[in-house]
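# This is a predicted model, with the sequence first.
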Amino acid sequence: MITVIAIVTDGLVYAAWLFVVAIGLTLIFGVMKILNVAHGAFYAFGAYAAATAIGLYFDRGWPVAGGYLVVATAAIAIGLLMGYILERVFLRRVYGKDEVVVVLITYALFLILEDVLILIWGTDGRSAYQPYTEAGSFTVGGLPLSVYDIGLVGFAGLLAIVASYTIKKTTFGRLLTAVIYDRETAAAFGVDVSRVYTVTFLVGAVLGALGGALTAPKISVTPGLGVEVIVLAFAVVAIGGMGSMEGALVGALIVGLFRAGAVHLIPQLELFSIYAVMALVLVFRPQGLFSRAQPRKI
Amino acid sequence: MQRTSVRACLARRVSAAVLFAALPFAAVAQTAPAAAPVKLGIVTFLTGPAAGPFGIPGRNSAEIMIEMLNAGKVPAPYATAGLAGAPIVPKFVDENGSTANQVTEFRNLVQRDGMNAVVGYVSSGNCLAVAPVAEELKALTVFWDCGTPRIFEERPLKYVFRATPHATMDSVAAARYALKRFPDLASYSGINQNYAWGQDSWRDFVAAMKSLAPKTTVDKELLPKLFAGEFGAEISALLTTNSKVVHSSFWDGDLESFIVQNGARGLPARSTMIYTAGETAMFRLGAKIPDGTILGARGPHGVMAPDTPLNKWFRGVYEDRFATAPTYPAYHMAQSILGLKAAWDKAAADKGGQQPAIDDVVKAFEGLEFEGPSAKIRMAIGNGHQGIADIAYGSFKFNKAENKAEIVDIVRYPAECVNPPANMTSTAWLEAGMPGAKCN
Amino acid sequence: MTGLRILLGALILGGLGAAAPFTPLWLISLVTLAMSTGLVVCGLIILWRGGLVPFGQALFFATGAYTVALSGRWFGMTDAFLLVALAVIMAALVAFVVGFLLAQYREIFFAMLSLALSMILYGVLVKSETLGSTDGINVAQASFLGMKPRGPGYTFALFWLALGMVFSAWLGVSAYLNSVAGQLAGAIRDNEIRVEYLGISVTNLVHLKLTISAALAGAGGGLAALSISHVDPQMAYWTTSGGFVFVTILAGAASVPAAFLGALLFEIVRTIAVALLPGGWQLILGSVLLLTILFVPEGLGSLMIRKRAAVAEKGAA
């Protein structure tokens, strides 16, 4: 019984993390058709910024509750800054070019940003665990769980609801959907595609940074943080369908539960779990689970 | 008489001034060794995740040791300057990148840059790839940190040395210490990174436990991805077992994340953790590590090192320069460089004080015994190319009164207790029940 | 490809081969390794012309490399020609099998699925202690048709082998690109459906291209294994694939020699960056890539073609 509880909670916690990390990537790809390899850099910078901010905050002995706000603020600030610089200076020049060329630009930016990270923060890891440990733990069926982890699940759920509401109910969300479906037609209808792109990229960057910032209190933030995350985020986005919020959610849940099950029941499979799921989904639904099949244009 | 004496006085003053001005030059001319400099390549992680815990302490240690050696300021028996009088000129190369890159850079160091010797490599994969190239190029190479026992067990090597013991002793000593603390241990679990280092560490630990306490069983064998960072599922799995002891060879980011996460969920209350490479995290995490956690330092390094003059000196100069205490990678690098110096000096002495050729140094290095800052190293296995030394394990304790991280209940295991003998591979030795182990 | 061009190419490569004993050994090793990357890039050019960019070419590269290592370790084979041939065959075989699935995909999904497959191989290699896990396997020194050169002679022998492989690849790939199947790549890139309406199976064509590019990648992997004398799972990791795509962009899809020049340039830039800024070479590499993409998006090969076109224009005028 305890194993079942463990699998479910562990699966949800991991899925929540994957979702927050992947949602920014799928948004950017869905709208701009850019597979943003630099997403790993947003994540890493968000984690470092949050770690630094938390360190500064708790060194002054301020109340714990504010620490969580600090995490979010750090993420938003760095996400906006980086997103703006990257979009304005580099990506603007290559809109409309070959998809692959744009991917490679983001890859080049990722390489550069990895070293910039070390230039700014040095090679030592940073820990800023206060928000994680201060939250405490509670027990369910004999299994201690961390309040922060469960809080993350709640946050991911909230994020999913907010994202879904924004896309479906607000004007901007509907403009976004129009651009996702067909950029040219949307532009023909007078949608300012360039502005939509900028806002989307900024939001995606903030979400990536948020993924890193939320993870920072749980881990030791070290260089090379971004490399692993990119492939995981790609896998989730590929499974769920590029550009689909629900897809990212469902993809994250599938991978999270599968992996938790593997760790508890068949540890040998754990290493392959995500790629195996990805390959399997792509075999049966090449566009991912939730993506709209595109009609072939002749 | 007065005029001459004034002139003489002036002449005396001028010549005195000239002499005083010339003194520094004379001094330099006297202390400057007449020998051509020795070019030493140092390969360590300057970027990437392994830089923080291993690469940079290694680099710092190399920098300070070379500087001190060139100035002749290292205490006895290393008090002469440089390598048999020749000043050392280091060149640092980043170990980050693929194995192909490392092999290329090694060839560049030896063939393009003309390095006389190379001290390098943290990653076992790089060590294994570079070893045959070192033999091909006849380049004197000292591996300073990589842990795999395979280097000298696969084929005999002439130009490659390793002054630090390999990783088998970490897990064997861990098993002995665990059984000393829990003599009635029934079962144990392990969480190690799923790559060669983690797999080998776990396998050695299991084999050691099997021969020391055959009745113990393995509860959970967890091998998460390297740099997974997020161990929720693994911690849940460990919480569901009743293991009194959990073995882990985690390092740096994974180690610290794991400690933070399992602490928040109360795992240490149920199981005692053994971190075979845990010493690197003790100062950074301080009180976050629960009292009683068993920590290893891949040797009797750091706070577990004995208070010898050499160790005191080493800690002193390292802390003065880098504002932090040296951790085990710094010790590994220091003892590798000192081993090289000992061999070089011995080869020079055998040649009557002349600068030795590389082959002379190789001959002197084989089977050498020398003092490191924390232990005596004997190049006793691997045909005289692999060093063995003692190891220490202890239990962590946070001294609240002095706000200091300490290790108590330190047990030091002699080299022959935890290292395989010269004629057996580590795997064979472990599987045979560690015959010939001499523990006190 | 005219007989004149072939002769010219043979002369250039022959000249390089003859220059070997007078060149520093480290440079020869560097160039050999660059040529192994160049072979993989040749394969990528074939695919890129068809509008496909796989992010998992490391799968075939690693297959070739491990084939060489394991054939030596398990079957005691040492002949370099045999080993490389085996590497090519194994990689092509894997591509043939995998191609049934992979050839159905296009664009970003093609890239992602090939990435997933290469990461699965990576996982298998890391997990497998028999295959050495992340420590990898050493490759014993090879023999060449019974001869066993050692020391500098071995470096030369590998270099000449590499030159031979480059020459064969150049002939083969150029012939392919000029053939009907090769020329159709552009058509597939522009509008696949119309090609199908012409009565040609695009899936079969892509399958063929995949197999050929895998064979080249396998050859590159085998050569790399012999040159470094070591194989490890990192050869199947996505950053290795990324490196190959990087060089492809640098070189451009215009011509085959550009692939090798691009690979050489990349290796030289990397080595200089490491020597210049030991702690910041990734920065330099990323910047080089960025500048190339922004200002020379068609790659260096396009510079050569532009120049040739300009010369031709001047000649015609």
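Now that the structure is in, tell me what you want to look at.

# And chain A, is stretch B:265-281 touching that?
Yes. Stretch B:265-281 is in contact with chain A by CB under 8 Å from any CB of the partner chain, via B:265-266. C-beta: built from backbone N, CA, C; applies to glycine.

# gap between that stretch and the chain center?
Here the centre of stretch B:265-281 is set off from its chain's centre by 22 Å, with CA atoms, centre = their mean, to the nearest Å.

# buried set for that stretch?
Residues B:265, B:267-268, B:270-281 are the ones in stretch B:265-281 that count as buried (16 or more other CB atoms under 10 Å in any protein chain shown).

# Helices - which of the residues you listed land there?
Using DSSP state H, the subset of the buried residues of stretch B:265-281 located in helices is B:267-268, B:270.

# Serialize those residues to CSV and add fields for distance to chain C and pLDDT.
Output for these, formatted as CSV (distance: CB to the nearest CB, whole Å; pLDDT from 0 to 100):
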residue, distance to chain C, pLDDT
B:L267, 26, 90
B:P268, 29, 90
B:R270, 29, 89
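
# on that earlier part again, just give me the closest of the buried residues of stretch B:265-281 to chain C.
Taking CB to the nearest CB as the measure, chain C lies nearest B:A277 of those, at 16.2 Å.

# So C:V88 versus C:F60, what's the distance?
Distance, C:V88 to C:F60, using CB to CB, to the nearest Å: 10 Å.

# Pull stretch A:92-107 out as PDB, backbone CA atoms only.
C-alpha atoms of stretch A:92-107 as PDB (Å, rounded to 0.1, in the frame of the first residue of the first chain):
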ATOM      1  CA  ARG A  92      14.500  39.100 -34.500                       C
ATOM      2  CA  ARG A  93      17.100  38.700 -37.300                       C
ATOM      3  CA  VAL A  94      16.100  35.200 -38.200                       C
ATOM      4  CA  TYR A  95      12.400  35.000 -38.100                       C
ATOM      5  CA  GLY A  96      11.100  33.400 -41.200                       C
ATOM      6  CA  LYS A  97      14.300  31.600 -41.900                       C
ATOM      7  CA  ASP A  98      14.700  27.900 -42.000                       C
ATOM      8  CA  GLU A  99      13.500  26.200 -38.700                       C
ATOM      9  CA  VAL A 100      16.800  24.400 -38.300                       C
ATOM     10  CA  VAL A 101      18.800  27.600 -38.600                       C
ATOM     11  CA  VAL A 102      16.900  29.100 -35.800                       C
ATOM     12  CA  VAL A 103      17.300  26.000 -33.600                       C
ATOM     13  CA  LEU A 104      21.000  26.200 -34.200                       C
ATOM     14  CA  ILE A 105      21.100  29.900 -33.100                       C
ATOM     15  CA  THR A 106      19.400  28.900 -29.900                       C
ATOM     16  CA  TYR A 107      22.000  26.100 -29.500                       C
END
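
# ok so, going back, and the buried residues of stretch B:265-281, which is closest to chain A?
For the buried residues of stretch B:265-281, the nearest to chain A is B:R265 (4.6 Å; CB to the nearest CB).

# Wait, that closest one touches A:Y148, no?
No. At 10.3 Å, B:R265 does not count as touching A:Y148 under the criterion of CB atoms under 8 Å.

# Just want to know which of C:V88 and C:F60 has more residues nearby.
Counting neighbours by other CB atoms under 10 Å in any protein chain shown for C:V88 and for C:F60 shows that C:F60 has the greater number, 37 against 24.

# still on that earlier bit, name the residues contacting each of C:V88 and C:F60.
Jointly contacting C:V88 and C:F60 under the rule CB atoms under 8 Å, 6 or more residues apart in numbering or on different chains are C:215, C:218.

# Buried residues in the helix or strand hosting B:G190, which are they?
Take DSSP states H and E as the rule and B:G190 turns out to sit in strand B:187-191. The neighbour-count check on strand B:187-191 (16+ other CB under 10 Å) flags B:188-191 as buried.

# can you pull the contacts of the residue of the stretch 1-150 of chain A found nearest chain C?
In the stretch 1-150 of chain A, the residue that lies nearest chain C is A:L111 (3.1 Å; CB to the nearest CB). Neighbouring residues of A:L111 by CB under 8 Å, 6+ apart: C:282-283, C:285-286, C:289.

# Those residues of chain B touching chain C, which are they?
B:46-47, B:92-94, B:97-101, B:103-105, B:107-108, B:110-112, B:124-125, B:128-129, B:131-133, B:136, B:148, B:150, B:154, B:194-197, B:199, B:203, B:226.

# What subset of those residues is buried?
Buried among the residues of chain B next to chain C (16+ other CB under 10 Å): B:46-47, B:92-94, B:97-101, B:103-105, B:107-108, B:110-112, B:124-125, B:128-129, B:131-133, B:136, B:148, B:150, B:194-197, B:199, B:203, B:226.

# how about the strands of the chain, start to end?
I went with chain A, as the question did not name one. A:126-127, A:137-140, A:143-146, A:220-221 (DSSP state E).

# wait, I meant chain C there
Using DSSP E, strands in chain C cover C:137-138, C:230-231.

# For the first one, name the packing helices and strands.
I take that to be strand C:137-138. Helices and strands touching strand C:137-138, by 3 or more CB pairs under 8 Å, 6 or more residues apart in numbering or on different chains; DSSP states H and E, are helix B:124-137, helix C:58-75, strand C:230-231.

# cool, the last one as well?
Taking 3+ CB pairs under 8 Å, 6+ apart as the contact definition, the neighbouring helices and strands of strand C:230-231 are helix B:124-137, helix C:58-75, strand C:137-138.

# near chain A, which residues of the stretch 1-150 of chain B show up?
B:46-49, B:51-53, B:55-56.

# Excluding chain neighbours, what is closest to the spatially most central residue of chain C?
When CA atoms, centre = their mean is applied to chain C, the residue found nearest the centroid is C:V40 (1.1 Å). In this structure, C:V40 finds its nearest non-sequential neighbour in C:G220, 4.0 Å apart by CB to CB, 6 or more residues apart in numbering or on different chains.

# just B:C439 next, same as before
Leaving aside its sequence neighbours, B:C439 sits nearest to B:C417 (CB to CB, 6+ apart; 3.8 Å).

# That neighbour contacts B:V411, doesn't it?
No. Using CB under 8 Å, B:C417 is not in contact with B:V411; the gap is 10.5 Å.

# okay, the two: which has more neighbours?
B:C417 (18 against 15).

# Next up, the contacts around B:E256.
Counting by CB under 8 Å, 6+ apart, B:E256 touches A:125, A:127, A:219-220, B:281, B:284-285.

# for C:A140, same thing?
Contacts of C:A140 by CB under 8 Å, 6+ apart are C:72-73, C:78, C:229.

# Return a ChimeraX selection command for the buried portion of those residues.
To isolate the buried members of the contacts of C:A140 in ChimeraX, using 16+ other CB under 10 Å:
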select /C:72,73,78,229
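
# quick one: C:L161 and B:S374, what's the gap?
Distance, C:L161 to B:S374, using CB to CB: 48 Å.

# ok, those two, which is more surrounded?
Neighbour tally, C:L161 and B:S374, criterion other CB under 10 Å: the higher count belongs to B:S374, 28 against 21.

# My read is that that one contacts B:A305, right?
Yes. If you go by CB under 8 Å, B:S374 and B:A305 touch, sitting 3.6 Å apart.

# list residues touching both of those two?
In contact with both B:S374 and B:A305: B:311, B:331, using CB under 8 Å, 6+ apart.

# What about the nearest residue to A:Y68 once chain neighbours are set aside, how many residues nearby?
Of all residues not flanking A:Y68 in the chain, A:P131 sits nearest, at 5.8 Å (CB to CB, 6+ apart). By other CB under 10 Å, 24 other residues sit near A:P131.

# What of B:K244?
If you count neighbours by other CB under 10 Å, B:K244 ends up with 19.

# who's in contact with it?
B:K244 makes contact with B:182, B:185-188, B:271-272, according to CB under 8 Å, 6+ apart.

# how about a markdown table for these, with pLDDT added?
Compiled in a markdown table, these are given as follows (pLDDT from 0 to 100):
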| residue | pLDDT |
| --- | --- |
| B:F182 | 92 |
| B:L185 | 91 |
| B:A186 | 90 |
| B:S187 | 92 |
| B:Y188 | 93 |
| B:S271 | 92 |
| B:T272 | 93 |
